[in-house]
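Trainee: build the 3D model from these lines:
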Amino acid sequence: MAAMSSSSAVSSQYSDFIGLHRNSIPSTCAAGNAGSSRFLPLRFRRFQIRAGKASPLLAGRPLRVAVIGGGPAGGATAETLAKGGVETVLIERKLDNCKPCGGAIPLCMVGEFDLPLDIIDRRVTKMKMISPSNVAVDIGRTLKPNEYIGMVRREVLDAYLRGRAAEAGAAVINGLFLRMDQPPAGSGERYKIYYIEYSGHGSGTGEKKEMEVDAIVGADGANSRVAKEMGAGEYEYAIAFQERVKIPEDKMEYYKERAEMYVGDDVSPDFYGWVFPKCDHVAVGTGTVTHKSDIKRFQAATRLRARDKIAGGKIIRVEAHPIPEHPRPRRVLDRVALVGDAAGYVTKCSGEGIYFAAKSGRMCAEAIVEGSANGRRMIDEGDLRRYLDRFDRTYWPTYKVLDVLQKLFYRSNPAREAFVEMCADEYVQKMTFDSYLYKRVVPGNPLEDLKLAVNTIGSLVRANALRREMANIS
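Mentor: This is a model prediction of the structure:
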């Protein structure tokens with residue numbers, strides 16, 4: 001969510017970004033050019049496929065798509081498909097799932113996805129960044145009166161989006177996807193999926209069933225079975241560990257509009273610890289890629305750093321879940337596509353995934369609706385690749401900037417001290433929140449960018465000097 005800073009000052013210095021894959025779209029395609037192919041080199045333009053009249057009409061039935069997974073990605077996919085005239089089936093194993101997630105959503109998501117305000121537990125307008133030496137910097141001075149970061153519980157948000165998909169006409173099945181039979185590539189034949197359908201909320205053994213569909217969207221998270229079935233390849237992942245803590249009312253008042261982020265080797269060697277407010281409790285958590293076996297030790301350190309503010313609290317739920325660190329090598333194969341965590345759409349540095357999950361699901365569904373002429377025609381791989389091109393072109397700069405920031409500032413405690421020091425700068429705060437709240441890499445003021453570049457270099461020099469001094473002391 002929060003640990004993103006001054007994009008323009010650092011992004012141009014690095015070209016080894018390993019987030020979204022370059023073979024999808026060249027780096028010259030900026031976010032602002034997302035709707036226009038004239039910015040693409042000729043070698044990319046000639047591969048833009050326009051489905052429609054050339055695609056075969058479906059005789060007497062609409063296109064049928066199975067959406068596997070009912071989180072933000074699956075819910076947004078299913079709703080858009082159903083509204084677009086596509087017969088949609090959504091299969092979700094845990095309808096009451098409480099994913100261990102910080103639950104932060106940007107302001108633009110509230111408007112884009114028409115979210116009701118009553119599903120937002122807290123509107124955070126104050127963010128406190130706390131360094132390894134417990135130096136605290138308050139962030140949020142540049143927010144306008146109507147700007148905030150929304151805090152949601154995933155069980156509430158996910159259920160709402162699934163419910164809206166059902167209202168639009170999608171069939172929601174409480175079931176577990178098992179596997180699929182894939183037809184010959186390009187044949188136009190249907191896929192057969194195998195799943196277990198449960199009654200109630202997944203209790204009992206369930207009933208084995210099968211279904212034929214024309215296309216499949218895998219929105220089933222980091223451990224995606226759809227990804228395994230299509231041979232999407234592996235990716236590096238982090239483990240997120242979170243405890244929901246019920247704290248006394250007077251302490252909850254402190255977190256009414258405030259969230260906290262802790263950085264330091266004690267809470268995570270490559271991520272951060274957090275305390276995020278929910279409706280009547282706080283979520284305390286951390287994550288790591290490189291030291292997964294030590295996750296409980298990092299969690300204990302996060303609780304220790306926040307001990308005075310959560311004293312007297314009672315742990316009411318413990319959660320853990322993998323979080324992808326970069327997109328999978330393959331995200332589309334024939335008429336199967338991946339979205340959300342299944343595709344690997346979680347940002348470096350901040351660990352944000354909710355918005356990108358919902359957005360990728362909607363963009364994938366829009367490509368299917370467009371390619372199928374509102375469910376009347378068969379689609380092919382070209383239609384799904386159009387979704388990939390649009391997503392990569394729009395969000396590649398964001399992923400690149402956050403990858404750079406993680407490499408710069410999460411590598412040592414002195415670098416983290418420098419990062420927190422930078423966060424005190426008002427210009428950094430404005431750039432950070434504008435980029436986060438509205439999901440765009442904001443162009444900066446050239447003079448301020450120059451000052452920021454100088455300050456960044458100064459902070460890093462001081463950080464390196466401090467690291468050497470600490471090494472000598474050791």
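Trainee: strands of the stretch 51-200 of the chain, residue ranges please.
Mentor: 64-68, 87-92, 104-105, 122-124, 126-130, 136-139, 149-151, 171-181, 191-199 (DSSP state E, counting those that start in this stretch).
Trainee: could I get those strands in JSON lines, plus columns for mean pLDDT and distance to Met363?
Mentor: Using the backbone N, CA and C atoms, a C-beta is placed for each residue, glycine as well. Shown next, in JSON lines, are the strands of the stretch 51-200 of the chain (pLDDT from 0 to 100; distance: least, Cβ to Cβ, whole Å):
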{"stretch": "strand 64-68", "mean pLDDT": "98", "distance to Met363": "14"}
{"stretch": "strand 87-92", "mean pLDDT": "98", "distance to Met363": "16"}
{"stretch": "strand 104-105", "mean pLDDT": "92", "distance to Met363": "17"}
{"stretch": "strand 122-124", "mean pLDDT": "95", "distance to Met363": "27"}
{"stretch": "strand 126-130", "mean pLDDT": "94", "distance to Met363": "29"}
{"stretch": "strand 136-139", "mean pLDDT": "93", "distance to Met363": "30"}
{"stretch": "strand 149-151", "mean pLDDT": "94", "distance to Met363": "21"}
{"stretch": "strand 171-181", "mean pLDDT": "97", "distance to Met363": "21"}
{"stretch": "strand 191-199", "mean pLDDT": "95", "distance to Met363": "21"}
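Trainee: out of the ones you listed, which is the most enclosed?
Mentor: strand 64-68 (a mean of 28; mean count of other Cβ atoms under 10 Å).
Trainee: and the angle for that one with strand 87-92?
Mentor: Counting by axes from the mean of the first three to the mean of the last three Cα atoms, to 10 degrees, strand 64-68 lies at 20 degrees to strand 87-92.
Trainee: related to what we said a few turns ago, the strands of the stretch 51-200 of the chain: which one's closest to Arg317?
Mentor: The closest of the strands of the stretch 51-200 of the chain to Arg317 is strand 149-151. By Cβ to Cβ, the value is 15.8 Å.
Trainee: partner strands of that closest one, with direction?
Mentor: According to DSSP bridges, strand 149-151 forms sheet pairs with strand 104-105 (antiparallel), strand 122-124 (antiparallel).
Trainee: okay, now the unreliable bits of the chain?
Mentor: 1-54, 100, 200-204, 441-474 (pLDDT under 70).
Trainee: how is it carved up into domains?
Mentor: As recorded under the TED database, the domains making up the chain are 56-103+153-235+328-408, 409-472.
Trainee: among those, which is the most enclosed?
Mentor: When these are compared using mean count of other Cβ under 10 Å, domain 56-103+153-235+328-408 is most buried, at a mean of 21.
Trainee: what's the span of it, first residue to last?
Mentor: 51 Å (Cα to Cα, to the nearest Å).
Trainee: do stretch 403-421 as well
Mentor: First-to-last distance for stretch 403-421 - Cα to Cα - comes to 20 Å.
Trainee: how far off centre is stretch 271-284?
Mentor: Between the centre of stretch 271-284 and the centre of its chain there are 17 Å (Cα atoms, centre = their mean, to the nearest Å).
Trainee: pull out the buried residues from it.
Mentor: Phe271, Tyr272, Gly273, Trp274, Val275, Phe276, Pro277, Lys278, His281, Val282, Ala283, Val284 (16 or more other Cβ atoms under 10 Å).
Trainee: and the two most separated of those?
Mentor: Longest span within the buried residues of stretch 271-284, Cβ to Cβ: Phe271 and His281, 22.0 Å.
Trainee: what sits up against stretch 154-174?
Mentor: Stretch 154-174 is contacted from outside by 67, 70-72, 74-76, 78-79, 81-83, 88-93, 95-99, 101, 103, 105, 113, 115-116, 119, 121, 195, 197-202, 354, 358, using Cβ atoms under 8 Å, 6 or more residues apart in numbering.
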